[in-house]
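> Sequence first, predicted model second:
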Amino acid sequence: MKLNRQNLDQLPAYIAKPSYAACQLRQGIVHIGVGGFHRAHQAIYTEALLNQGRDLDWSICGVGLRAEDRAMRDALAGQDYLYTQVVLADEPDTEVRVVGAISGMLLAEEGTQTLIDKLAHPSTRIVSLTITEGGYCMDDSTGEFNFKLPQIQHDLQHPGDPRSVFGFLLAALAKRRAEGTGPFTVMSCDNLPHNGQVTRKALLAYAGLVDEELHGWIAEHVSFPNAMVDRITPMTSTAHREALLAEHGVEDAWPVVCEPFLQWVLEDKFVAGRPAWEDVGVQFTDDVTPYEEMKIKLLNGSHLALTYLGFLKGYRFVHETMADPLFVRYIRTYMDEDVTPQLAPVPGIDLDQYKDTLIERFSNRAIADQLERVCSDGSSKFPKFTVPTINRLIEDDQAMDRAALVVAAWAVYLRGVDESGATYRIPDPRANYCEELVQEQKNLTERLLGAEEIFGKHIPKSAAFVAAFERQLYNLRTHGVSATLQTLLGD
């Protein structure tokens, strides 16, 4: 059965469906970057409210700024902007739900002014973002906005025809200010420490280059709540589509698959209203920092710690890696000994239980999370997920070999060949640059750790860390992944 509004009533009764009609919805959120995570996270919380007959003026208009976003728009548009969420767990019962919270999608390439007008319309009260860690145009070595990037240079020269997210936000806010519409809330849903603060800093830095008065207006009136977001969402594969059709009879051009776990901790800083997300499980707080630190250092940091090692070993899925007891012991020891001592108390969270849950989530066979997904964009992930942990270990004069192994594994991974001799691509926007860092063995340590935009200033100056890195790099090259882990764990 092809997924669309006309066929909804013919789907099996056990498949949850929207309880509202499309004509009841009005768009209050514009979301830039419609991918799997947004459709399995923010859209699901919003869907839960819509299904209660509430907040029907908060449906979502998706936005694509890249040429690649056309495929998502066309897939959704071809089925009345419905899509299927499949929640996968090792238990036999699979939750299948049709979601309609996204009620339209615009592409920048089909009309720059149309998109600016949508962002500037009074009904748009929240602009949310999932644009990846690298999408915020920040120089990780300095912590400052990188105005030299080509898309930013283009927007500075052509402010009426922007390409970047910040160019569009600024053009829309300028229009709203001129027309007296008032500000909207800019809400990042990306895995960034202090993501709201990062978004604010980036937009204000860009605005300062364009219009000083507008910069001041944004600084005073626009809000940027910080958020901690969490749900493992693998890339949708052909196998996922085929399984949905074979097992449930739903023909969906782009379903989303995800784990059962779902969490969103959000600062309650909204200048133009918001949905009542607290009634469907969102935790609002005055300070999201301890939740951010916990999630980014434990979940995202541990993901990086296992992913490159697992890929080198020849595994291709996270659950395969977690079926290896060596990896489980390594990850849990990394969490317990290296990360947990750095964390402040987290209100309402038992850290030991949280770590147990992470092991269970990583071990979920049904979700079949791809290591390639977790490996991707390592040059942007390291500064945010791993480098802060290493810097703290250096500062506290702690053991560094477990953390150094994460970096050493990435260095070997960047060669593009695993232990069995299989070759693979490096999914990173800066892949060529990263591969050049490890191309020659001579002076590799200096080149790699000296990449300031990735590893900062402190790591290459730490003799203890450099020694630990070279020790683990030697072990991986000479003895392989398993023997290296065994030695590190004291076997």
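Sure thing, it's come through. Numbering: from 1, shown residues only.
> For my notes, confirm P92 occurs in a helix.
No - secondary structure of P92 (DSSP: H, G, I helix; E, B strand; the rest coil): coil, not part of a helix.
> Quick check: the gap between it and E247.
12 Å (C-beta to C-beta, to the nearest Å). Where C-beta positions appear, they are placed from N, C-alpha and C, glycine not excepted.
> The two: which has the busier surroundings?
Taking other C-beta atoms under 10 Å, P92 and E247 do not tie; E247 has more neighbours (11 against 6).
> wait, what's in contact with the more buried one?
By C-beta atoms under 8 Å, 6 or more residues apart in numbering, the contact list for E247 reads T94.
> C-terminal to the helix or strand encompassing it, which secondary structure element comes first?
Following DSSP states H and E, one finds E247 within helix 238-248. Next along the chain after helix 238-248, taking DSSP H and E as the criterion, comes strand 256-258.
> Domain parsing of the protein, as residue ranges.
8-285, 289-488 (automatic domain parsing).
> could I get these as a markdown table with distance to M1?
Output for the domains of the chain, formatted as a markdown table (distance: least, C-beta to C-beta, whole Å):
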| stretch | distance to M1 |
| --- | --- |
| domain 8-285 | 5 |
| domain 289-488 | 23 |
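> all strands in this structure, in order from the N-terminus.
Along the chain, counting by DSSP state E, strands occupy 27-32, 59-64, 83-87, 95-99, 102-107, 126-129, 138-139, 144-145, 185-188, 227-230, 256-258, 263-267, 283-285.
> picking up where we left off before, with distance to K2 and mean pLDDT as added columns, please give the domains of the chain in a markdown table.
Output for the domains of the chain, formatted as a markdown table (distance: least, C-beta to C-beta, whole Å; pLDDT from 0 to 100):
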| stretch | distance to K2 | mean pLDDT |
| --- | --- | --- |
| domain 8-285 | 5 | 96 |
| domain 289-488 | 25 | 96 |
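> residues touching T307, list them.
Counted by C-beta under 8 Å, 6+ apart, T307 has contacts 318, 321, 371, 374-375.
> So for T423, which of the strands of the chain sits nearest?
strand 256-258 (27.4 Å; C-beta to C-beta).
> Would you mind listing the outside residues contacting that closest one?
Contacts of strand 256-258 (C-beta under 8 Å, 6+ apart): 36, 39-40, 83-88, 231-234, 236, 240, 367.
> longest helix anywhere in the chain?
Longest helix in the chain by number of residues (criterion: DSSP state H): helix 463-488.
> if we can go back for a sec, so which of the strands of the chain gets nearest W410?
W410 sits nearest to strand 138-139 of all the strands of the chain, at 20.1 Å, using C-beta to C-beta.
> Partner strands of that closest one and their direction?
strand 144-145 (antiparallel) (DSSP bridges).
> List of residues touching the strand it pairs with?
Residues from elsewhere that reach strand 144-145 (C-beta under 8 Å, 6+ apart): 137-139, 201-202, 205-206.
> ok, now stretch 324-334?
Counting by C-beta under 8 Å, 6+ apart, 301-302, 305-306, 309-310, 313, 315, 321-322, 355, 359, 362-363, 402-403, 482, 485-486, 488-489 sit against stretch 324-334.
> May I have stretch 297-306 as CSV, with CA atoms only?
Coordinates of the C-alpha atoms in stretch 297-306 are reproduced here as CSV (Å, rounded to 0.1, in the frame of the first residue of the first chain):
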residue,chain,number,x,y,z
LYS,A,297,31.1,12.9,26.6
LEU,A,298,29.5,9.5,27.5
LEU,A,299,27.4,8.7,24.5
ASN,A,300,29.0,10.6,21.6
GLY,A,301,32.5,10.2,23.0
SER,A,302,32.1,6.5,23.6
HIS,A,303,30.6,6.1,20.1
LEU,A,304,33.9,7.6,18.6
ALA,A,305,35.9,5.4,21.0
LEU,A,306,34.4,2.2,19.6
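> hang on, the earlier thing: which one (most neighbours) among the contacts of strand 256-258?
Counting neighbours by other C-beta under 10 Å, R39 comes out on top of those with 29 neighbours.
> quick one: contacts for it?
Residues in contact with R39 (C-beta under 8 Å, 6+ apart) are 83, 85, 99, 102, 256.
> Quick check: L393 vs A399, distance?
Look at L393 and A399: by C-beta to C-beta, they are 7 Å apart.
> which residues in the stretch 51-200 of the chain form helices?
Applying DSSP state H, counting those that start in this stretch to the stretch 51-200 of the chain gives helices spanning 70-77, 112-120, 150-157, 165-179, 195-210.
> what's the angle between the longest one and helix 150-157?
Think helix 195-210. Relative orientation of helix 195-210 and helix 150-157, computed by axes from the mean of the first three to the mean of the last three C-alpha atoms, to 10 degrees: 40 degrees.
> and helix 195-210, what does it pack onto?
Under the contact criterion of 3 or more C-beta pairs under 8 Å, 6 or more residues apart in numbering; DSSP states H and E, helix 195-210 touches strand 138-139, strand 144-145, helix 150-157, helix 165-179, strand 185-188, helix 212-221.
> Next, the angle from that helix to helix 165-179.
Using the same axes, to 10 degrees: helix 195-210 against helix 165-179 is 70 degrees.
> and helix 195-210 with strand 263-267, angle?
Using the same axes, to 10 degrees: helix 195-210 against strand 263-267 is 50 degrees.
> Now do the buried residues in helix 195-210.
195-196, 198-208, 210 (16 or more other C-beta atoms under 10 Å).
> who's in contact with it?
Taking C-beta under 8 Å, 6+ apart as the rule, helix 195-210 contacts 129, 136-138, 144-145, 147, 152, 155-156, 159, 166-167, 169-170, 186-189, 192, 214-215, 218-219, 222, 224-227, 267, 269, 292.
> can we see that at 6 Å?
Here helix 195-210 makes contact (C-beta atoms under 6 Å, 6 or more residues apart in numbering) with 136-137, 145, 166, 169-170, 186, 188, 192, 214-215, 218-219, 224-226.
> Type out the ChimeraX command that picks the buried ones from the residues you listed.
Entered in ChimeraX, the line below selects the buried ones among these, by 16+ other C-beta under 10 Å:
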select :136,137,145,166,169,170,186,188,192,214,215,218,224,225,226
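> what separates P275 from Q52, distance-wise?
P275 is 11 Å from Q52, by C-beta to C-beta.
> ok so, going back, more neighbours: L393 and A399, which one.
Neighbours per residue (other C-beta under 10 Å) separate L393 from A399, with L393 holding more: 24 against 12.
> list the contacts for the closest residue in space to that one that isn't next to it in sequence?
Once flanking residues are discounted, L393 sits nearest to M400: 5.4 Å by C-beta to C-beta, 6 or more residues apart in numbering. For M400, the contacting residues are 393, 464-465, 468, by C-beta under 6 Å, 6+ apart.
> pull the CA atoms of stretch 316-325 into PDB?
C-alpha atoms of stretch 316-325 as PDB (Å, rounded to 0.1, in the frame of the first residue of the first chain):
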ATOM      1  CA  ARG A 316      30.400  -2.700  10.000                       C
ATOM      2  CA  PHE A 317      27.600  -2.300  12.600                       C
ATOM      3  CA  VAL A 318      27.700  -1.000  16.200                       C
ATOM      4  CA  HIS A 319      26.000  -4.100  17.600                       C
ATOM      5  CA  GLU A 320      28.700  -6.300  16.000                       C
ATOM      6  CA  THR A 321      31.300  -4.400  17.800                       C
ATOM      7  CA  MET A 322      29.500  -4.600  21.100                       C
ATOM      8  CA  ALA A 323      29.200  -8.400  20.700                       C
ATOM      9  CA  ASP A 324      32.900  -8.500  21.200                       C
ATOM     10  CA  PRO A 325      33.600  -8.600  25.000                       C
END
